[in-house]
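Visitor: predicted model follows, preceded by the sequence.
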Amino acid sequence: MKKYKNFNFIMGVILTGLVVLIAIIGCFYTPYDPDAMDAVAKNSGISMDHWMGCDNFGRDIFSRIMEGIRNTFLISLFTVAIGTIVGVLIGAVTGYFGGWLDEILMRINDALFAFPSVLLALVVISLLGTGMFRVTLALGIAFIPSFARIVRSEIKKQVTQDYVESAKLMGAGNFRIIFVHILPNILPVLLSSIMIGFNNAVLAEAGLSYLGIGVQPPDASLGRMLSEAQSFLFSMPWYALFPGTVIVIMVLGFALMAEGITQAQMK
Amino acid sequence: MLLEIKQLTIEFHDHLVPETVVKNVTMSMEEGEIVGIVGESGSGKSMTALSVAGLLPRKDMKKKGEIWFEGQELLSLPRKELRLLQGDEIGMIFQEPMTALNPTMKIGKQVEESLYLHRDLSRTERRELALSWLEKVELNDSERVYESYPHELSGGMRQRVMIAAAMVAGPKLLIADEPTTALDVTVQAQIIQLLKKINEKNNTAILFISHDLSLVKDLCDRVYVMKDGEVVEHGKSEDVFYHPMEDYTKQLIAAIPVIDLEQD
Ligand SMILES: Nc1ncnc2c1ncn2[C@@H]1O[C@H](COP(=O)(O)OP(=O)(O)OP(=O)(O)O)[C@@H](O)[C@H]1O
Ligand SMILES: [Mg+2]
């Protein structure tokens, strides 16, 4: 990580760290129960008791944001994990071996890639149903094609390098060559794709929940909150403002890290 | 006989008309012998060497003939069994030490690779062997080199690292495909000396490829001269150098740049 010492990367780490910290605290402590409704505090604005006010059910917005960050973060994390792990496997095998397997898998991949991830996720959700776990799975599957594609083209570039020949010459097997010799060389590209993928996942989750097919009430997620807030955009603008700002900070944090990694590579 | 190449022919089938890049090449090497292959660019030297190393890409390519190494025929050997020889019995170094090393792997790990693949040694045993080979190829401060990455080393140092990596498992045959072409003259001479020393100390046979017949004369016992994929002349390297039979060999000798070190 030493080589990523640039402004963008450090700012990104700080912003993301802040968001993660709030999510972690949210696992153990929230000022109020995120689902508890308080009729008296309904629609109340910013106050000492409720830092970010309360929503139309009288639920504490700050507590819900803490829970929402956690859910959004976990969904995005697992989405990217599924996309990366399966994508790397497919991309590595097709990029390294080429041939008919590559042809078939990449044609399927191209067909899937032609759909926007959100649309693909919609299809999967309509098959699987809604809820946090299924949304994660749907988004994860939708993210596989783009990762497979990036990894494949990066591996293809590496396969012709002399150091791969050297490894073959020493009697290393294909599996070892792919994962021990080549993979570290595409790590910077993979890392910045993961950051960007994470952002797309945050936005996709927000989008799906906003459409009402993502995280279901009473679970909070940042997208879910935005969706609920839209009816009150004029009467209580802070309701939309806070989760919206958190999404922006989250996305910005990861975008800056990705930028920082790319920048370090350029040098 | 350590190595016997019989009637080796290599054809490419990636164009409309098949292209024969190696034609009926027959060569042999004794244990501990240093043999040279010379010839102009494109004469098929690398193709011959790569087929001995089991590195020729298998698609679009037809190989005929036989390559016998220690009682095994390499061209018909299954990939799995070939891998047991590669790095263990046959080592190879390339022309470009800049790109032949993995940029993201520590030198030490790269030198140890053959040991990892072919020997049942502990981590410390591997490390000690690697360090001892880094010293044998005359890299001082071997501990530091062990911990560094390729970009921290000069071209000459990298070629030494490649030699250490190729030699660490104690192969019977070392193939060196123009190992000094990318280096400047002084470093070139040092590397040649190093190869000579390795041959004497370990009795490693060396197949040395070059387009420079004067280098081959200094290093090799015998030499094969290749032209357009065929062996046109072979014999003791001094005989070939001082009494060439073929016009082509004479041209190769005439093309050797005369470097007068005393001039400046
Ligand atoms: N993929 C390929 N398809 C067709 N011909 C090829 C291919 N690769 C190499 N060749 C041809 O094979 C011939 C022999 O190449 P080789 O690399 O063995 O030459 P060389 O003697 O090592 O030359 P150099 O001194 O430049 O390294 C060349 O004429 C080259 O054009
Ligand atoms: Mg060559």
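Guide: Looks like it came in fine. Ligands and ions are numbered 1, 2, ... in the order given.

Visitor: would you put the C-alpha positions of the top helix by length along chain B in CSV?
Guide: As assigned by DSSP state H, the longest helix anywhere in chain B is helix B:185-202. Output in CSV follows, covering the C-alpha atoms of helix B:185-202 (Å, rounded to 0.1, in the frame of the first residue of the first chain):
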residue,chain,number,x,y,z
VAL,B,185,30.4,-5.2,-24.1
THR,B,186,32.1,-5.4,-20.7
VAL,B,187,29.1,-7.0,-19.1
GLN,B,188,28.9,-9.3,-22.0
ALA,B,189,32.4,-10.6,-21.4
GLN,B,190,31.7,-11.1,-17.7
ILE,B,191,28.6,-13.1,-18.4
ILE,B,192,30.6,-15.3,-20.8
GLN,B,193,33.2,-15.9,-18.1
LEU,B,194,30.5,-16.7,-15.7
LEU,B,195,29.0,-19.3,-18.0
LYS,B,196,32.4,-20.9,-18.5
LYS,B,197,32.9,-21.1,-14.7
ILE,B,198,29.5,-22.7,-14.2
ASN,B,199,30.2,-25.2,-16.9
GLU,B,200,33.6,-26.2,-15.2
LYS,B,201,32.3,-26.3,-11.7
ASN,B,202,28.9,-28.1,-12.3
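
Visitor: list the residues that contact the spatially most central residue of chain A.
Guide: Geometric centre of chain A, nearest residue: A:F198, 2.5 Å, by CA atoms, centre = their mean. A:F198 is in contact with A:S76, A:L77, A:V80, A:F254, counting by CB atoms under 8 Å, 6 or more residues apart in numbering or on different chains. Bear in mind the C-beta positions are built from the backbone N, C-alpha and C, glycine included.

Visitor: quick one: contacts for the last one?
Guide: It stands for A:F254. A:G12, A:T16, A:M195, A:I196, A:F198, A:N199, A:V202.

Visitor: downstream of the helix or strand of chain A with the lowest mean pLDDT, the next helix or strand is which one?
Guide: Of all helical and strand segments in chain A, the minimum by mean pLDDT, DSSP states H and E falls on helix A:117-128, at a mean of 81. Where DSSP states H and E defines the elements, the next helix or strand beyond helix A:117-128 is helix A:132-159.

Visitor: any idea how far the closest residue to ligand 1 within chain A is from B:L183?
Guide: Using CB to the nearest ligand atom, the closest approach of chain A to ligand 1 is made by A:T160 at 11.8 Å. Separation of A:T160 from B:L183 (CB to CB, to the nearest Å) stands at 23 Å.

Visitor: quick check: phi and psi on B:L8?
Guide: phi -70, psi 130 (degrees, to the nearest 10).

Visitor: might one say that A:Q158 is in contact with A:E165?
Guide: No: with contact defined as CB atoms under 8 Å, A:Q158 does not count as touching A:E165 (11.4 Å).

Visitor: all strands for chain B, in order.
Guide: Using DSSP state E, the strands of chain B run over B:3-12, B:19-29, B:34-39, B:61-69, B:72-73, B:90-93, B:173-177, B:205-210, B:222-227, B:230-236.

Visitor: what residues does residue 225 make contact with?
Guide: Unless you meant another one, I'm taking chain A. When contacts are counted by CB under 8 Å, 6+ apart, A:M225 touches A:I61, A:R64, A:I65, A:G68, A:Y239, A:P243.

Visitor: meant chain B, my bad for not saying
Guide: B:V38, B:G39, B:V231, B:V232, B:E233, B:H234, B:V240, B:E246, B:Y248, B:T249, B:L252.

Visitor: quickly list what it is bridged to.
Guide: B:V38, B:E233 (DSSP bridges).

Visitor: so which bits of the stretch 101-250 of chain B are right by ligand 1?
Guide: Proximity of the stretch 101-250 of chain B to ligand 1, by CB under 6 Å from any ligand atom, involves residues B:H211.

Visitor: hmm, back to that, and the residue nearest to the centre of chain A, which of the three is it?
Guide: Following DSSP: H, G, I helix; E, B strand; the rest coil, A:F198 is assigned to helix.

Visitor: on the pLDDT front, check it for me.
Guide: Listed pLDDT for A:F198 reads 88.

Visitor: kindly report the same for B:D260.
Guide: pLDDT, B:D260: 56.

Visitor: which one of the contacts of A:M225 sits closest to B:N102?
Guide: A:G68 (44.0 Å; CB to CB).

Visitor: what sits against the closest one?
Guide: A:A220, A:S221, A:L222, A:R224, A:M225, A:P243, A:V246.

Visitor: of all those, which comes closest to A:I144?
Guide: Of all these, A:I144 sits closest to A:S221, with 22.2 Å by CB to CB.

Visitor: burial of the closest one, as a residue count?
Guide: Using other CB atoms under 10 Å in any protein chain shown, A:S221 has 30 neighbouring residues.

Visitor: could you do B:I253 as well?
Guide: With other CB under 10 Å as criterion, B:I253 counts 16.

Visitor: distance check, it against B:V225.
Guide: Counting by CB to CB, the gap from B:I253 to B:V225 is 10 Å.

Visitor: and A:S153, by the same measure?
Guide: Per CB to CB, A:S153 is found 43 Å from B:V225.

Visitor: let me see the confidence value for B:S114.
Guide: So B:S114 comes in at 95 (pLDDT).

Visitor: these two touch, right, it and B:A169?
Guide: Yes: with contact defined as CB under 8 Å, B:S114 reaches B:A169; the gap is 4.0 Å.

Visitor: those two: which has the busier surroundings?
Guide: A count of neighbours by other CB under 10 Å puts B:S114 above the other of B:S114 and B:A169, at 27 against 23.

Visitor: so, low pLDDT: which residues of the chain?
Guide: In the absence of a named chain, this looks at chain A. The model of chain A has pLDDT under 70 over residues A:1-3, A:41, A:267.

Visitor: hm, I was asking about chain B
Guide: Low-confidence segments of chain B, defined by pLDDT under 70: B:57-58, B:258-264.

Visitor: who touches the most centrally placed residue in chain B in this structure?
Guide: Nearest residue to the geometric centre of chain B (CA atoms, centre = their mean): B:A176, 1.6 Å. Applying CB under 8 Å, 6+ apart to B:A176 gives the contacts B:M92, B:I93, B:L195, B:I206, B:L207, B:F208, B:I209.

Visitor: rebuild these as a markdown table, extending it with distance to chain A.
Guide: Below are the contacts of B:A176 laid out as a markdown table (distance: CB to the nearest CB, whole Å):
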| residue | distance to chain A |
| --- | --- |
| B:M92 | 5 |
| B:I93 | 9 |
| B:L195 | 18 |
| B:I206 | 16 |
| B:L207 | 14 |
| B:F208 | 17 |
| B:I209 | 15 |
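
Visitor: can you say which of those are buried?
Guide: Among the contacts of B:A176, the ones that count as buried by 16 or more other CB atoms under 10 Å in any protein chain shown are B:M92, B:I93, B:L195, B:I206, B:L207, B:F208, B:I209.

Visitor: wait, the last one sits on B:G36?
Guide: What that stands for is B:I209. Yes: when contacts are counted by CB under 8 Å, B:I209 is listed as touching B:G36 (7.3 Å).

Visitor: what residue in chain B comes nearest to chain A?
Guide: Residue of chain B nearest chain A, by CB to the nearest CB: B:G87 (3.3 Å).

Visitor: can you give me the distance of that residue to B:H118?
Guide: 6 Å.

Visitor: between those two, which has more neighbouring residues?
Guide: Neighbour count, other CB under 10 Å: between B:G87 and B:H118, B:G87 has more, with 28 against 21.

Visitor: got the phi/psi numbers for the more buried one?
Guide: Note on B:G87: backbone dihedrals following degrees, to the nearest 10 are phi 80, psi -30.

Visitor: where's it relative to ligand 1, distance?
Guide: 22 Å (CB to the nearest ligand atom, to the nearest Å).

Visitor: before we move on, the earlier item: the contacts of A:F198 in helices, which ones?
Guide: Counting by DSSP H, the contacts of A:F198 place A:S76, A:L77, A:V80, A:F254 in helices.

Visitor: which strand residues bridge the residue nearest to the centre of chain B?
Guide: Following DSSP bridges, B:A176 is listed with bridge partners B:I93, B:F208.
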